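Visitor: Any chance you could fold what I've pasted below:
(one chain, ligands or ions: 1)
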Amino acid sequence: MLKSIGLGALLAILTFLWWNGINVWPAVLILGLVAVLYYSGAWQRMMQNRGARQVVTKASVPTTFDDIGGQTTAKSELREALDFIRYPERIAELGIRPLKGILLTGPPGTGKTMLAKAAADFTDSAFLSASGSEFVEMYAGVGAQRVRQLFTEARQMARRDNRTSAIIFIDEIEVMAGKRGQHQSHLEYDQTLNQLLVEMDGMSTYEDVRVLVMAATNRSDLLDGALMRPGRFDRSVGVDLPDREGRLHILKLHTRNKPMDPNVDLIRVAQDTFGFSGAHLESVCNEAAILALRDGSKTLMAKHLMEATDKVLLGEKLDRTLREGELNRVAVHEGGHAIVAEVVNPGSVSSVTISPRGMALGFVRQAPDDDRLLQTVSELKADIQVCLAGSTAERFILGEQSTGASNDFEKAWDIARRMVLSGLSSLGVVHEEGLSPDSLYRTIQDIISEQQEQVDGFISRHQSMLHHLASLLLDSETLSGEEVRNLLIESQITA
Ligand code: ATP
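Guide: Next comes the predicted model:
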């Protein structure tokens, strides 16, 4: 009715203006365009997007807990928590407060999103995911509106699919739920977080659809305290970088659809990929398959996995051609690192190469025999020796050092500093605040010079072997840890 009156009035105004000789055609054109947009539904969509842009992604391919490698503790903690959704009657009988939120904390790429998807599969819940950054807008109130929309859509989706529960997954929750009052445009951030808290407080066991919020962050220290209080995110599950067993499991999962050469030793690859996340490992398997394709090989071979690991760690090989003398210097430098690393930590060298990648002109890839959580004084000293070995080799074999070792010195300095601050130096137990910069500096220098003496002695005794190793590197560009070890055995070099 109102629409018809408005349309009639508009037509009357336009006719009146036209009668008085005013050109009304541009206005007619614009109004016509608006009418077409309106009736095709595009207008409504545009207006909706301005206010509350769709922030939701639905799970497409189901993920199960069996698709997730390692993370044994996280998986079992999560399974236990999810019983709240699977057995609601038991929970209600015992008068237990429903679990409303689970926070997954850990470094990027460790499988937090996969765990949330697997949780949805495990509990037969509808799954919706959004990222914290999608709730942040300049306009006050829009984020809060999106939070409301997310919860409404989760319930609708579950009802549509005849499910009794829904899981909402919010990635990077620290972006929308940081400590309140700290942002410049804090009103908008605070409103968004308040709305999330309101929605979580409003969830109850007695609804036809039970909603569980799962959130992921790698900065739980930034989260507002209100979010973490009981009754909101009641559980926090740590999702850490995988250990060696975990890496092996992940590698097996990501190679199960790939033709593998029988000589590939995934245990060795797991050992070589210390510090890699699940996402890194998936990338190693994928890159290895690409390299096999480039090689025209029907299977993925050990060399493909080795190169893929280097690529994921350091970046693509560079075409940069070094001058003859420079290449020799890199070979001597890396050779120095490799033999000292192998002597102080037998079996630790995975490969040594002089082909430039990323920022490195060459490098030695080391893999500790076991994942180390703690380091002893002798292990730290050994690490310093490995750092110093490159420049020492240059000095003994080529007569002078180069700038190529500055990064090594930085690393050595950091290790020595860590030793001092952990109470492992001649100063005994110290606190950084009470330690003068001068005394810290001198103690670090003493530790480093003591290790330098050891390295000088070793390299000077084995110069001919180092010459040999450098020439082998110049010939073949890359040597495996095995080849370096054989060379040491032939030369009868031991610690
Ligand atoms: P971010 O914090 O960056 O969002 P995330 O912890 O949520 O990362 P996912 O998105 O779950 O990580 O993982 C990214 C990809 O890495 C997955 O699609 C999968 O291929 C691989 N991946 C990570 N962790 C694992 C794992 N534990 N098992 C198998 N694959 C994994």
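Visitor: which stretches of the stretch 101-250 of the chain form strands?
Guide: With strands called from DSSP state E, counting those that start in this stretch, the stretch 101-250 of the chain shows them at 101-105, 126-131, 165-171, 210-217, 233-238.
Visitor: Pairing partners for the third one, with directions?
Guide: It refers to strand 165-171. strand 126-131 (parallel), strand 210-217 (parallel) (DSSP bridges).
Visitor: would TSV of these with mean neighbour count be doable?
Guide: C-betas here are computed from N, CA, C, even on glycine. Output for the strands paired with strand 165-171, formatted as TSV (neighbours: other C-beta atoms under 10 Å):
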stretch	mean neighbour count
strand 126-131	23
strand 210-217	26
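Visitor: Between the ones you listed, which one is closest to the ligand.
Guide: strand 210-217 (5.6 Å; C-beta to the nearest ligand atom).
Visitor: okay, now Y87: neighbour count?
Guide: Y87: 11 surrounding residues under other C-beta atoms under 10 Å.
Visitor: Which pLDDT does the model give it?
Guide: On the pLDDT scale, Y87 is placed at 85.
Visitor: ok, back up a step: which one of the strands of the stretch 101-250 of the chain lies closest to K179?
Guide: Closest approach to K179 among the strands of the stretch 101-250 of the chain (C-beta to C-beta): strand 210-217, 12.9 Å.
Visitor: Identify the residues contacting the closest one?
Guide: Under the contact criterion C-beta atoms under 8 Å, 6 or more residues apart in numbering, strand 210-217 has outside partners 84-85, 88, 98-106, 112-113, 115-116, 119, 123, 125, 151, 154-155, 164-174, 177, 196, 200, 203, 223, 233, 239.
Visitor: So among those residues, which ones count as buried?
Guide: Among the contacts of strand 210-217, the ones that count as buried by 16 or more other C-beta atoms under 10 Å are 84-85, 88, 98-106, 112-113, 115-116, 119, 123, 125, 151, 154-155, 164-174, 177, 196, 200, 203, 223, 233, 239.
Visitor: Adding mean pLDDT, write the strands of the stretch 101-250 of the chain out as JSON lines.
Guide: Below are the strands of the stretch 101-250 of the chain laid out as JSON lines (pLDDT from 0 to 100):
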{"stretch": "strand 101-105", "mean pLDDT": "92"}
{"stretch": "strand 126-131", "mean pLDDT": "90"}
{"stretch": "strand 165-171", "mean pLDDT": "92"}
{"stretch": "strand 210-217", "mean pLDDT": "91"}
{"stretch": "strand 233-238", "mean pLDDT": "88"}
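Visitor: returning to that earlier point: if we check the ligand, which of the contacts of strand 210-217 are in contact?
Guide: Among the contacts of strand 210-217, the residues that sit close to the ligand (C-beta under 6 Å from any ligand atom) are K112, T113, D171.
Visitor: Torsion angles phi and psi at the spatially closest residue to K117 that is not a sequence neighbour?
Guide: Leaving aside its sequence neighbours, K117 sits nearest to T63 (C-beta to C-beta, 6 or more residues apart in numbering; 3.9 Å). Per-residue torsions, T63: phi -110, psi 140 (degrees, to the nearest 10).
Visitor: Could you check how far T63 is from the ligand?
Guide: 8 Å (C-beta to the nearest ligand atom, to the nearest Å).
Visitor: What of F276?
Guide: Distance from F276 to the ligand, by C-beta to the nearest ligand atom: 10 Å.
Visitor: The chain should start at 54 in everything you say after this.
Guide: That works, and once the first residue is 54, the last one we named lands at F329.
Visitor: Would you quantify the distance from that residue to S479?
Guide: 37 Å (C-beta to C-beta, to the nearest Å).
Visitor: Compare those two and say which is more crowded by neighbours.
Guide: F329 (23 against 8).
Visitor: where does the more buried one land in three-state SS?
Guide: coil (DSSP: H, G, I helix; E, B strand; the rest coil).
Visitor: still on that earlier bit, switch the strands paired with strand 218-224 over to CSV; also include distance to the ligand.
Guide: Formatted as CSV, the strands paired with strand 218-224 follow (distance: least, C-beta to the nearest ligand atom, whole Å):
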stretch, distance to the ligand
strand 179-184, 8
strand 263-270, 6
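Visitor: Show the contacting residues for G476.
Guide: Neighbouring residues of G476 by C-beta under 8 Å, 6+ apart: V482, V483.
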